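Colleague: Okay, predicted coordinates and the sequence, questions at the end:
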Amino acid sequence: KAGVTQTPRYLIKTRGQQVTLSCSPISGHRSVSWYQQTPGQGLQFLFEYFSETQRNKGNFPGRFSGRQFSNSRSEMNVSTLELGDSALYLCASSWDRTAYEQYFGPGTRLTVT
Amino acid sequence: AQSVTQLDSQVPVFEEAPVELRCNYSSSVSVYLFWYVQYPNQGLQLLLKYLSGSTLVKGINGFEAEFNKSQTSFHLRKPSVHISDTAEYFCAVSGKAAGNKLTFGGGTRVLVKP
């Protein structure tokens, strides 16, 4: 069974631009969560989607948004990029809304210049 | 609110020696506890989890952890490490009401020396 895939793996953007990251969960998984990883703040929860609905949200500004499609694939969008948005963005998928077993993708490394 | 503290940011250890990574959590409700490992340029891989039952949990790659409710701890141990265990290790907590939201500790970087 294929694992969680994230595209692109690396991305360089300029301040003020916007970016869209994509996550394809493991086949059959219906929940997708997103995390931001930075050296200063560590791993922080962004949001969780299940059945195309946002179920939980972390403490991030409204510039961070996401969505989930009917095939469970998810995208997250960051608008008006700031230097501090440079991070590794990780996606995790699981069968349902319990945190018993989440599988993480390799991440998208976003650099904002 | 839940929080996790990993007491050591870096742990150097010689090959074949034992290692213990410390994790303390705070939560006002029942918790689920996890340890994840992250190798360079990769995502997170689940090592083990505590949901309920036996407080000694065995995971992959020879790791185990013990849940101690009175001390609110979930320390990770391995009796004999290998060079390939060099990685960053994250302790995380969740709960029934949290859905799939994990709260992570700051991580412990393990460097195994030959």
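Modeller: Received it, and whenever you're ready, just let me know what you need.
Colleague: how about the residues of chain A that lie near chain B?
Modeller: A:4, A:31, A:33, A:35, A:42-45, A:48, A:50, A:55-56, A:58, A:90, A:92, A:94, A:97-107 (Cβ under 8 Å from any Cβ of the partner chain). Quick note: C-beta positions are derived from backbone N, CA and C, even for glycine.
Colleague: Among the residues you listed, which lie within strands?
Modeller: A:31, A:33, A:35, A:42-45, A:48, A:50, A:55-56, A:90, A:92, A:94, A:103-104 (DSSP state E).
Colleague: Neighbour-wise, which one of those residues leads?
Modeller: In terms of neighbours by other Cβ atoms under 10 Å in any protein chain shown, these top out with residue A:33 at 30 neighbours.
Colleague: Excluding chain neighbours, give the residue nearest to that one in space.
Modeller: Here the nearest residue to residue A:33 in space, its sequence neighbours aside, is residue A:48; by Cβ to Cβ, 6 or more residues apart in numbering or on different chains that works out to 4.4 Å.
Colleague: Can you verify my assumption that that neighbour contacts residue B:94?
Modeller: No - taking contacts as Cβ atoms under 8 Å, residue A:48 lies outside contact range of residue B:94: 11.1 Å.
Colleague: Overlap of the contact sets of the two?
Modeller: The overlap between the contact sets of residue A:48 and residue B:94 (Cβ atoms under 8 Å, 6 or more residues apart in numbering or on different chains) consists of B:100, B:101.
Colleague: In contact with residue 73, which residues?
Modeller: If you meant another chain, say so; for now it's chain A. Counting by Cβ under 8 Å, 6+ apart, residue A:73 touches A:22, A:23, A:24, A:25, A:32.
Colleague: Let me rephrase: I mean chain B.
Modeller: Applying Cβ under 8 Å, 6+ apart, we find residue B:73 in contact with B:22, B:23, B:24, B:25, B:66, B:67.
Colleague: Which of these are buried, as a PyMOL select command?
Modeller: Buried residues among the contacts of residue B:73 (16 or more other Cβ atoms under 10 Å in any protein chain shown), as a PyMOL selection:
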select buried, chain B and resi 22+23+24+25+67
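Colleague: Just the ones in strands from the contacts of residue B:73, please.
Modeller: Judged by DSSP E, strands contain the following of the contacts of residue B:73: B:23, B:24, B:25, B:66, B:67.
Colleague: For residue B:67, see how far away the residue most central in space within chain B is.
Modeller: Geometric centre of chain B, nearest residue: residue B:35, 3.3 Å, by Cα atoms, centre = their mean. To residue B:67, residue B:35 is 11 Å away according to Cβ to Cβ, to the nearest Å.
Colleague: Common neighbours of those two, please.
Modeller: Counting by Cβ under 8 Å, 6+ apart, the residues touching both residue B:35 and residue B:67 are residue B:74.
Colleague: out of the contacts of residue A:73, which are buried?
Modeller: Among the contacts of residue A:73, those buried by neighbour count (16+ other Cβ under 10 Å) are A:23, A:24, A:25, A:32.
Colleague: Just the contacts of residue A:73: which are in strands?
Modeller: Counting by DSSP E, those place A:22, A:23, A:24, A:32 in strands.
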